[in-house]
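Visitor: Using only what follows, build the 3D model:
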Amino acid sequence: MQKREKSFGIQMLSVQPDTKPKGCAGCNRKIKDRYLLKALDKYWHEDCLKCACCDCRLGEVGSTLYTKANLILCRRDYLRLFGVTGNCAACSKLIPAFEMVMRAKENVYHLDCFACQLCNQRFCVGDKFFLKNNMILCQTDYEEGLMKEGYLPLLVREYNSFYNEADLQRKRRLFLY
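Guide: From the prediction side, this is the model:
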């Protein structure tokens with residue numbers, strides 16, 4: 001039976017001077033510091049709760065840790081080792097699971113690849129772009145193509161809203177007259 005991965009919270013607690021020192025799950029020594037970490041229902045020195053891969057102090061990089069295959073991991077290493085990856089729709093190269101991406105319909109892109117595929121103008125969140133035959137186009141290149149070929153996009157996105165086919169036909173008529 002394979003053990004499932006889980007994420008757990010990390011709490012930083014101040015040690016009360018009148019309490020009996022708790023044992024650290026990492027080094028098995030008593031915790032006499034001013035603060036301790038509580039994670040996985042155990043207590044830890046701040047220096048002892050570390051990622052098994054990169055050795056970063058988990059109390060400093062966030063409030064969550066991940067476990068799988070008896071490893072304690074930070075989010076980045078967990079995603080790197082066990083996360084789902086895919087390929088960029090523009091360059092076809094692998095996109096690591098921890099990397100930020102842009103999406104257009106079901107296509108996923110590296111941030112650097114999310115650009116007009118004719119003029120290389122980069123897009124940001126909320127920018128208007130057109131998708132034709134899985135090719136991302138800026139407004140200028142789309143309108144030039146519309147005038148020359150009379151094509152319609154599969155998708156138009158402007159400020160996070162989508163146009164329907166009737167809106168696109170209306171825009172097309174405006175460009176052709």
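Visitor: C-alpha only now, for contacts and for neighbours.
Guide: Noted.
Visitor: and the residue nearest to Pro96 when sequence neighbours are not counted, how far is that from Cys54?
Guide: Nearest residue to Pro96 in three dimensions, chain neighbours excluded: Thr85, at 5.4 Å (C-alpha to C-alpha, 6 or more residues apart in numbering). Between Thr85 and Cys54 the distance is 20 Å, computed by C-alpha to C-alpha, to the nearest Å.
Visitor: These two - which one has more neighbours?
Guide: Taking neighbours as other C-alpha atoms under 10 Å, Thr85 and Cys54 compare with Thr85 leading, 14 against 11.
Visitor: Do I have it right that the more buried one meets Glu99?
Guide: No - applying C-alpha atoms under 8 Å, one finds Thr85 not in contact with Glu99, separated by 9.4 Å.
Visitor: isn't Cys74 right next to Cys51, touching?
Guide: Yes - if you go by C-alpha under 8 Å, Cys74 and Cys51 touch, sitting 5.5 Å apart.
Visitor: Excluding its own residues, what touches stretch 70-83? List them.
Guide: Residues from elsewhere that reach stretch 70-83, judged by C-alpha atoms under 8 Å, 6 or more residues apart in numbering: 50-54, 56, 58, 61, 64-67, 96-98.
Visitor: returning to what we had before: who touches both of Cys74 and Cys51?
Guide: Residues touching both Cys74 and Cys51 (C-alpha under 8 Å, 6+ apart): Leu58.
Visitor: the more surrounded of those two?
Guide: Each of Cys74 and Cys51 has its neighbours counted (other C-alpha under 10 Å); Cys74 has more, 27 against 21.
Visitor: for the chain, what spans make up the strands?
Guide: 6-9, 11-14, 35-39, 42-44, 64-68, 71-73, 86-87, 94-95, 101-104, 107-110, 129-132, 135-137, 155-158, 161-162 (DSSP state E).
Visitor: about what we covered before: what's the most distant pair in the contacts of stretch 70-83?
Guide: Pairwise distances across these peak at 22.5 Å for Lys50 and Pro96 (criterion: C-alpha to C-alpha).
Visitor: the more surrounded of these two?
Guide: Set side by side, Lys50 and Pro96 show more neighbours around Lys50, with 22 against 17, by other C-alpha under 10 Å.
Visitor: Surely that one is in contact with Val61?
Guide: No - contact criterion C-alpha under 8 Å: Lys50 and Val61 do not qualify, at 10.0 Å.
Visitor: Is it possible to get the strands of the chain out as JSON lines so that each row also shows mean neighbour count and mean pLDDT?
Guide: Formatted as JSON lines, those follow (neighbours: other C-alpha atoms under 10 Å; pLDDT from 0 to 100):
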{"stretch": "strand 6-9", "mean neighbour count": "13", "mean pLDDT": "74"}
{"stretch": "strand 11-14", "mean neighbour count": "13", "mean pLDDT": "85"}
{"stretch": "strand 35-39", "mean neighbour count": "19", "mean pLDDT": "90"}
{"stretch": "strand 42-44", "mean neighbour count": "21", "mean pLDDT": "93"}
{"stretch": "strand 64-68", "mean neighbour count": "19", "mean pLDDT": "87"}
{"stretch": "strand 71-73", "mean neighbour count": "20", "mean pLDDT": "89"}
{"stretch": "strand 86-87", "mean neighbour count": "14", "mean pLDDT": "87"}
{"stretch": "strand 94-95", "mean neighbour count": "15", "mean pLDDT": "88"}
{"stretch": "strand 101-104", "mean neighbour count": "16", "mean pLDDT": "85"}
{"stretch": "strand 107-110", "mean neighbour count": "19", "mean pLDDT": "88"}
{"stretch": "strand 129-132", "mean neighbour count": "20", "mean pLDDT": "87"}
{"stretch": "strand 135-137", "mean neighbour count": "22", "mean pLDDT": "88"}
{"stretch": "strand 155-158", "mean neighbour count": "18", "mean pLDDT": "43"}
{"stretch": "strand 161-162", "mean neighbour count": "10", "mean pLDDT": "44"}
